[in-house]
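# I would like to see how this sequence folds:
(one chain, ligands or ions: 1)
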Amino acid sequence: MADTNWVATAAPIVHLGAKPVFVDILPRTWCLDPVSVEEAITDRTKAIIAVHLYGNLCEMNQLLEIGKRHQIPVIEDAAEALGSTYLGKSAGSLGAFGVFSFHGSKTVTTGEGGMFVTDDSELYESVLRLSNHGRSRDSNRMFWPDVIGFKYKMSNLQAAVGCAQMQRFSTLVKRKRQILNLYVEEFSKAKVNVWGFNSSPPDCETGAWMPTVVLSEPSANSNLSTRIQRELRDDCDIDIRPFFAPLTSTPPFAKSQISDAQGRWAYKIPPVSINLPSFHDMSTDQVRFVVRSIRERLEI
Ligand SMILES: Cc1ncc(COP(=O)(O)O)c(C=O)c1O
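Numbers count the residues shown, from 1 in each chain. This is a model prediction of the structure:
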């Protein structure tokens with residue numbers, strides 16, 4: 001899996017008693033670098049986890065081809081990629097299975113919760129059973145576990161909230177894309193010379209969950225992002241979020257053997273990058289205010 005990630009992708013691997021292996025990202029999509037993935041594969045590798053970071057798409061064809069050659073499944077963590085498409089196919093539908101998040105910050109939310117998707121009916125039944133105390137849905141006995149499971153059910157109330165939003169799903173995704181495009185336009189109009197925004201492989205379309213900008217040439221030693229975040233919060237009351245720190249720099253994974261940390265994109269991009277505010281009701285004037293406030297602080 002990629003070093004650039006939210007810890008939620010790595011924690012289940014640890015809970016299973018397995019070991020996550022963190023590889024570098026590509027500089028423009030911030031998703032798994034297929035070359036690094038292939039180099040990291042050993043006979044103990046069980047799966048490749050492809051996270052579509054901030055809605056950007058992974059190089060799925062290359063990853064699926066590597067998985068096929070090594071006979072290991074590719075799993076898609078599409079938690080951040082509702083509405084993203086890879087060569088016309090929905091993110092989450094390309095690997096052995098996909099997962100989505102409906103956390104409060106996501107494009108569609110049920111407060112907390114998520115969704116598992118697969119076209120493998122056996123796997124589907126198995127996951128359903130595990131999510132419901134190990135009970136099989138075709139069992140004719142009540143209160144009868146077939147295996148030891150978990151309780152990962154969504155309540156009807158949460159599902160109702162989610163279903164209502166799914167009815168206007170395309171409107172919600174369209175608005176997220178508009179906001180990302182507006183940022184790109186407004187930075188350009190304001191002549192702010194940034195290094196890059198969210199990007200995906202050709203013929204892919206992002207769901208634009210999290211508009212993100214790389215403000216300057218990536219550098220592991222920069223403090224630009226920290227300064228901009230602090231100043232925007234203190235001076236302008238703008239809620240700027242940090243780009244994910246590499247997981248190998250966080251306490252749970254600090255012992256991972258990374259010899260080339262400072263040279264990794266996963267280390268060089270976060271210090272110069274920020275997540276931009278992007279709530280659905282954001283107005284054009286508010287986007288302009290954010291861009292103007294950043295420009296003024298970059299000129300210092
Ligand atoms: C990449 C990624 N994976 C997994 C998750 C976990 O989702 P949840 O918080 O719904 O459990 C998140 C949540 O933000 C995420 O961003």
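# how far off centre is stretch 95-115?
When distances are taken as C-alpha atoms, centre = their mean, to the nearest Å, stretch 95-115 is centred 11 Å away from the chain's centroid.
# and if you look at stretch 185-198?
That offset, for stretch 185-198, works out to 22 Å (C-alpha atoms, centre = their mean).
# repeat that for stretch 32-50.
When C-alpha coordinates are averaged (C-alpha atoms, centre = their mean), stretch 32-50 and its chain have centres 18 Å apart.
# quick check: mean pLDDT of it?
Averaged over stretch 32-50, pLDDT sits at 98.
# any idea which helix is longest in the protein?
As assigned by DSSP state H, the longest helix anywhere in the chain is helix 169-189.
# sheet partners, orientation included, of the next helix or strand after that helix?
Once helix 169-189 ends, the next helix or strand along the chain (criterion: DSSP states H and E) is strand 196-197. Paired strands of strand 196-197, with direction, are strand 212-214 (antiparallel) (DSSP bridges).
# now do the same contact list for residue 117.
Applying C-beta atoms under 8 Å, 6 or more residues apart in numbering, we find residue 117 in contact with 92-93, 97-100. To be clear about C-beta, it is placed using only N, CA and C from the backbone, and glycine gets the same treatment.
# what of residue 72?
Counted by C-beta under 8 Å, 6+ apart, residue 72 has contacts 41, 45-48.
# can you select the buried ones from the residues you listed in PyMOL?
To isolate the buried ones among those in PyMOL, judged by 16 or more other C-beta atoms under 10 Å, type:
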select buried, resi 41+48
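# which of the contacts of residue 72 come close to the ligand?
Filtering the contacts of residue 72 for proximity to the ligand by C-beta under 6 Å from any ligand atom leaves nothing.
# flag every buried residue along the longest helix of the chain.
Those buried within helix 169-189 under the rule 16+ other C-beta under 10 Å are 172-173, 175-180, 182-183, 186-187.
# cool, stretch 29-41 as well?
29-34, 36-38, 41.
# one more: stretch 120-135?
127-133, 135.
# now that stretch: average pLDDT?
Average pLDDT, stretch 120-135: 97.
# what segments of this protein are strands?
In the chain, the segments counted as strands under DSSP state E are 48-51, 74-77, 85-86, 89-90, 97-101, 114-117, 196-197, 204-205, 212-214, 241-242, 273-275.
# let me know the closest of the buried residues of stretch 120-135 to the ligand.
Distance to the ligand across the buried residues of stretch 120-135 (C-beta to the nearest ligand atom) is lowest for residue 131, with 13.3 Å.
# was I right about that closest one contacting residue 151?
Yes. If you go by C-beta atoms under 8 Å, residue 131 and residue 151 touch, sitting 7.4 Å apart.
# and the closest residue to residue 7 other than its chain neighbours, how many neighbours does it have?
Taking C-beta to C-beta, 6 or more residues apart in numbering, and ignoring the residues beside it in sequence, residue 7 has residue 247 as its nearest neighbour in space, at 6.4 Å. By other C-beta atoms under 10 Å, the residues close to residue 247 number 22.
# from the contacts of residue 72, which is closest to residue 199?
residue 48 (21.2 Å; C-beta to C-beta).
# I'd say that closest one and residue 74 touch.
Yes. When contacts are counted by C-beta under 8 Å, residue 48 is listed as touching residue 74 (4.7 Å).
# spit out the residues that contact these two alike.
Common neighbours of residue 48 and residue 74 (criterion: C-beta under 8 Å, 6+ apart): 63, 67.
# give me the distance between residue 279 and the ligand.
Using C-beta to the nearest ligand atom, to the nearest Å, one obtains 16 Å as the distance from residue 279 to the ligand.
# for that residue, grab phi and psi.
phi -70, psi 150 (degrees, to the nearest 10).
# now do the contacts for it.
Counting by C-beta under 8 Å, 6+ apart, residue 279 has no contacts.
# with residue 158 instead?
With contacts defined as C-beta under 8 Å, 6+ apart, residue 158 is in contact with 102, 110-113.
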